[in-house]
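Q: I need the structure of the sequence given here:
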Amino acid sequence: MIKPIIYLISKSRQNNPDPLNHTAKLSAVKYYGARVTELNGAQAQNNAFGEQYDKSWVIRCDGTINADYVGFENEFNEKTMAPKYQINQIRRHINRTTLYVVRTVAK
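A: As a prediction, the model looks like this:
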């Protein structure tokens, strides 16, 4: 299924000048036209991840994508940056990127 909008969320790679502040700043970018496949079967999840999860997705995007988390349209809030799902694996191909996302809510 093609989702109209997903959010690619990345952590800031800049060092914080405050040595006691270890929070990472997050930035979200809208991505249009991602192809999202939901994996519901145990065998499909074992083949893709080697484990079983409550819910998982395979997301295919055109071009080179760098992200740490993914948010889905109609549930992701840009102000609070939640809920976001952790990217378990990234595979890069010649002209597309495949993201393997599991339903582990990252806080």
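
Q: quick check: Ile2 touching Tyr31?
A: No: between Ile2 and Tyr31 there is no contact under Cβ atoms under 8 Å: 11.5 Å. For glycine as for every other residue, the C-beta is placed from the backbone atoms N, C-alpha and C.

Q: more neighbours, these two?
A: Neighbour totals were compared for Ile2 and Tyr31, and Tyr31 leads with 19 against 9 (other Cβ atoms under 10 Å).

Q: check which helix or strand Cys100 maps to.
A: Let me fix one detail, which is that residue 100 is Tyr and not Cys. strand 96-105 (DSSP states H and E).

Q: for Asn21, same thing?
A: Using DSSP H and E, Asn21 sits within no helix or strand.

Q: now for it, how many residues are close by?
A: 8.

Q: what values do phi and psi take at it?
A: Dihedral pair for Asn21: phi -100, psi 110, per degrees, to the nearest 10.

Q: and the helix or strand containing Val70, what does it pack onto?
A: Assignment of secondary structure by DSSP H and E places Val70 within strand 69-72. The elements that strand 69-72 packs onto, with contact taken as 3 or more Cβ pairs under 8 Å, 6 or more residues apart in numbering; DSSP states H and E, are strand 2-11, strand 85-92.

Q: out of those strands, which is the most enclosed?
A: Highest mean neighbour count among these (mean count of other Cβ atoms under 10 Å): strand 2-11, with a mean of 17.

Q: quick revisit: just put the helices and strands packed on strand 69-72 in CSV and tack on mean pLDDT and distance to Pro19.
A: As requested, those are exported to CSV (pLDDT from 0 to 100; distance: least, Cβ to Cβ, whole Å):
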stretch, mean pLDDT, distance to Pro19
strand 2-11, 88, 18
strand 85-92, 91, 26
